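Undergrad: I'd like to go over a predicted model; first the sequence, then the structure.
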Amino acid sequence: MRRVWARVKAALAVFTLAALLGLAATPAAHADASSFESAVQALSTASEEALAKAVETLGATGDPRAIAVLQALDSGDLLATDGHLFVKGPDGSPHDVITGAAGTGALRSPEVDNNIRRVLGPVLAHLQLASPDPKVRLAAVDILANHGSDEDVAVLRETLAKDKDASVKRAIVSALAEQDLASTDPERRLGAVSAIGATGSMRFRDKLAAMSARGADGTYAEPDARVRAAAASTVSALDRKQWMIDGAANILYGMSTGSILLLSALGLAITFGLMRVINMAHGEMLMLGAYATFVTQTFFHQHLPQYESYYLVAAIPVALVFCMAVGAILERTVVRFLYGRPLETLLATYGLSLILIQLVRSIFGAQNVAVENPPLLSGGVEIFEGVVIPYSRIAVVLFTIIVVSFVGYVLRGTSLGLRVRAVTQNRSMAACMGIPTKRVDMWTFALGSGVGGLGGVALAQLGNVGPELGQGYIVDSFLVVVLGGVGKLVGCIVAAFSLGILNRVLEPIAGAVLGKIVVLVAVVLVIQKRPQGLFAPRGRSADGT
């Protein structure tokens, strides 16, 4: 009985405690609701001073509904009558802020001038610091940083301790550092230097360097030795971080540039590397592929607007087939009569390139046309602070991998690839074995032109499209093919990415023109040492000798 009675007493105690907690919580909830309602009613006043105080009171409630009310006040979507506030809905009809009832009668907009906005901005920012959206919190931090009151600083410090988003933390550190570095308290300045070092914010690098340096009169700008030492150490750490970021960014952007070079050189590696045809019109295959992308986008915009965001999926096969057809026509009408005469082939294909450029000018005009990125490829991702890789360039790298895999499969895994390799190694023997060498030549030239068209699809996502788009890539494409090894797919890949990264590293140091010269000299030196390229081809040459 004693055990039963003890359990009963424990249960009664728990029940009583729960009841007391419920009774205690209920008035608090009612108090919060009533304070929100009273603050909302106060906003309906016509007095400027009372309206500013009502804004502060509403912000102090911390009620999530206060954000929508204050935003409506700021945008002019708030309407008032005696003791009631109404917010315009999406359809423009007013609804009561508290009850949701439709507004009737004469409604007026509270007068919001610059004085009210100076109060409204920080109050709204305080509430938005609790938003789950990092972009909203970033905007709130910017507002509070410009306001700079002691209350705002305290709120920012509290937010810094609990916020998990790196970009928000960096923004808060920057906002607080502006205040703390100008403080007369050395402890606050020391804390600001430590916070800058912890977040790695490069914005204050020059200011910290000035703090640890001597002035013209031999004195330090920063009187406290501890702060000077911390500032010097943080500057060294920031410099190391910046060096690593620059190196990583150069590699990433160099890979993107290398992908473009590889796409432009891949088709040339087939026509020049396997067929020994110096095709100066290959750059125009890039241009035709880009214009095929533009035409596909225009068609979707006019006839299939609901599917316009998917135009790029359709543009890939359109560019491939169209450029293959153009390449087959050029091979049948001009190139096939010039095999074995490289100089005449060079002059003839150069003339073809001029004809294609003028033909495109006649159809589309001399001005560049814009190809818009699909929504999926808009924007970018921040790899490091201040280093943003556009989604379009990431897509180009992935697209390059797919195209290289496609070409490798065609040359290594299909009967056409087997015949191409047979004709390349010994044309006479291949003809004796019953392989139609002229048809293989046509399909090989068409394949190289089609791959060039795919390169044009990628280039269309990175900039404007013009009649002379391909002229800027033909020389670099030949460099890639010759450096990698004539007819070697692996060599083409290595050479393209090597030149892309080298160009990216040299441009900030030597400039664009001098960087190109250095790259060209480096290629010449490599060719002098290895005349057949980085990956020398094996077997008989294409002419059968």
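TA: All right, it came through fine. Residues are numbered from 1 along each chain as shown.
Undergrad: how about residue 447, what does it touch?
TA: Going by C-beta atoms under 8 Å, 6 or more residues apart in numbering, residue 447 touches 267, 270, 324, 327, 407, 410, 416. Backbone N, C-alpha and C define where each C-beta goes, glycine included.
Undergrad: dump the residue contacts of residue 252.
TA: Residue 252 neighbours (C-beta under 8 Å, 6+ apart): 383, 387, 389.
Undergrad: quick one: which of the residues you listed is most hemmed in?
TA: residue 389 (18 neighbours; other C-beta atoms under 10 Å).
Undergrad: close enough to count as contact, that residue and residue 395?
TA: No: in this structure residue 389 lies outside contact range of residue 395 using C-beta atoms under 8 Å: 10.6 Å.
Undergrad: Number of residues surrounding residue 176?
TA: Neighbours of residue 176 under the rule other C-beta under 10 Å: 21.
Undergrad: And it, how far from residue 367?
TA: Per C-beta to C-beta, to the nearest Å, residue 176 is found 50 Å from residue 367.
Undergrad: and the helix or strand where residue 326 lies, which residues are buried?
TA: Taking DSSP states H and E as the criterion, residue 326 maps to helix 311-333. Within helix 311-333, the residues scored as buried using 16 or more other C-beta atoms under 10 Å are 311-312, 314-316, 318-320, 322-324, 326-328, 330-331.
Undergrad: Can you point out the buried residues in the helix or strand that it is followed by?
TA: Where DSSP H and E defines the elements, the next helix or strand beyond helix 311-333 is helix 342-364. If you call a residue buried by 16+ other C-beta under 10 Å, then helix 342-364 has these buried ones: 345, 348-349, 352-353, 356-357, 360, 364.
Undergrad: Mind jotting down where the strands sit in this structure?
TA: 78-81, 84-88, 94-96, 380-384, 387-390 (DSSP state E).
Undergrad: Domain boundaries for the chain, per the record?
TA: Residue ranges for the domains of the chain, per automatic domain parsing: 35-128, 131-223, 245-529.
Undergrad: Spatially, what comes nearest to residue 165 if we skip its sequence neighbours?
TA: residue 134 (4.5 Å; C-beta to C-beta, 6 or more residues apart in numbering).
Undergrad: Distance of the one you found relative to residue 526?
TA: Taking C-beta to C-beta, one finds residue 134 at 48 Å from residue 526.
Undergrad: So for residue 235, which of the domains of the chain sits nearest?
TA: domain 131-223 (5.1 Å; C-beta to C-beta).
Undergrad: end-to-end on the closest one?
TA: Its first and final residues considered, domain 131-223 spans 41 Å by C-alpha to C-alpha, to the nearest Å.
Undergrad: I'd like the distance from it to the chain centre, please.
TA: Relative to its parent chain, domain 131-223 has a centroid offset of 27 Å by C-alpha atoms, centre = their mean, to the nearest Å.
Undergrad: Now do it, average pLDDT.
TA: Across domain 131-223, pLDDT averages out at 77.
Undergrad: Equivalent analysis for stretch 532-539, please.
TA: Mean per-residue pLDDT for stretch 532-539: 64.
Undergrad: how far away is residue 461 from residue 356?
TA: Noted for residue 461: a distance of 22 Å to residue 356, by C-beta to C-beta.
Undergrad: Repeat that for residue 513.
TA: For residue 513 relative to residue 356 (C-beta to C-beta), the value is 28 Å.
Undergrad: got it, and residue 214?
TA: If you measure residue 214 against residue 356 using C-beta to C-beta, the figure is 65 Å.
Undergrad: again, but for residue 256
TA: Going from residue 256 to residue 356 by C-beta to C-beta gives 27 Å.
Undergrad: for residue 450, same thing?
TA: Per C-beta to C-beta, residue 450 is found 15 Å from residue 356.
Undergrad: likewise residue 131?
TA: Residue 131 is 55 Å from residue 356, by C-beta to C-beta.
Undergrad: can you check residue 506 too?
TA: Counting by C-beta to C-beta, the gap from residue 506 to residue 356 is 32 Å.
Undergrad: State the pLDDT value of the residue positioned nearest the centre of the chain.
TA: In the chain, the residue lying closest to the centroid (C-alpha atoms, centre = their mean) is residue 380, at 1.6 Å. The pLDDT attached to residue 380 in the predicted structure is 81.
Undergrad: List the beta-bridge partners for it.
TA: Per DSSP bridges, the residues bridged to residue 380 are residue 390.
Undergrad: That one touches residue 391, doesn't it?
TA: Yes: counting by C-beta under 8 Å, residue 391 is a contact partner of residue 380 at 5.6 Å.
Undergrad: which parts of stretch 241-261 are buried?
TA: 241-242, 245, 249-261.
Undergrad: could you give the mean pLDDT of that stretch?
TA: In this model, stretch 241-261 carries a mean pLDDT of 83.
Undergrad: Now do the same contact list for residue 372.
TA: Counting by C-beta under 8 Å, 6+ apart, residue 372 makes contact with residue 297.
Undergrad: So it versus residue 463, what's the distance?
TA: Distance check for residue 372 against residue 463: by C-beta to C-beta, it reads 12 Å.
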